[in-house]
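Undergrad: need coordinates for the following:
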Amino acid sequence: MALRIPKYVYLPFGYRITIVLLKAVGFKMHGTEDCDGFWNCDNKTIYIRRSLPVTRRRYILAHVLVHACLDWQHKYMDQGAAKN
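TA: Just a heads-up that it's a prediction; the model follows:
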């Protein structure tokens with residue numbers, strides 16, 4: 001059974017992270033053509049390059065999810081104390 005990339009990840013306090021597999025042209029539109037994945041905190045979305053092998057996509061998801069979790073931690077756990 002192959003592990004699939006989920007469409008959403010849910011963190012406590014209703015923090016829903018959307019995961020989108022994006023074609024190369026989408027990365028170019030975001031100005032991130034040199035990376036394989038990125039986190040957009042404004043719309044709580046992780047973008048992953050669709051053309052990657054699934055093992056690489058899972059690795060990128062894990063890496064970028066850490067960035068998303070740090071934003072979540074800052075917002076809900078630190079109460080914004082880590083702002084400056």
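
Undergrad: residues contacting the strand or helix carrying V64, please?
TA: Using DSSP states H and E, V64 maps to helix 54-72. Applying C-beta atoms under 8 Å, 6 or more residues apart in numbering, the external contacts of helix 54-72 come out as 2-3, 5, 9, 11, 13, 15, 17, 19, 21, 36-39, 41, 44, 46, 48-49, 52. For the C-beta atoms, the positions are set from N, CA and C on the backbone; glycine is no exception.

Undergrad: only alpha carbons, please: show it as CSV.
TA: What follows is helix 54-72, C-alpha atoms only, in CSV (Å, rounded to 0.1, in the frame of the first residue of the first chain):
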residue,chain,number,x,y,z
VAL,A,54,6.4,10.3,-4.3
THR,A,55,9.3,9.6,-1.8
ARG,A,56,10.7,13.1,-2.5
ARG,A,57,7.2,14.6,-2.2
ARG,A,58,6.8,13.0,1.3
TYR,A,59,10.2,14.3,2.3
ILE,A,60,9.3,17.8,1.1
LEU,A,61,5.9,17.7,2.9
ALA,A,62,7.6,16.7,6.2
HIS,A,63,10.1,19.6,5.8
VAL,A,64,7.6,22.3,4.9
LEU,A,65,5.1,21.0,7.5
VAL,A,66,7.7,21.9,10.2
HIS,A,67,7.5,25.5,8.9
ALA,A,68,3.7,25.5,9.1
CYS,A,69,3.9,24.0,12.6
LEU,A,70,6.2,26.8,13.7
ASP,A,71,3.7,29.4,12.5
TRP,A,72,0.9,27.5,14.4
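
Undergrad: next, the buried residues of that helix.
TA: For helix 54-72, a neighbour-count test (16 or more other C-beta atoms under 10 Å) marks 57, 60-61, 64-65, 68-69, 72 as buried.

Undergrad: which residues are in contact with the host helix or strand of L21?
TA: Using DSSP H and E, L21 sits within strand 15-22. Residues from elsewhere that reach strand 15-22 (C-beta under 8 Å, 6+ apart): 5-11, 43-50, 57, 61, 65, 68, 72, 75-76.
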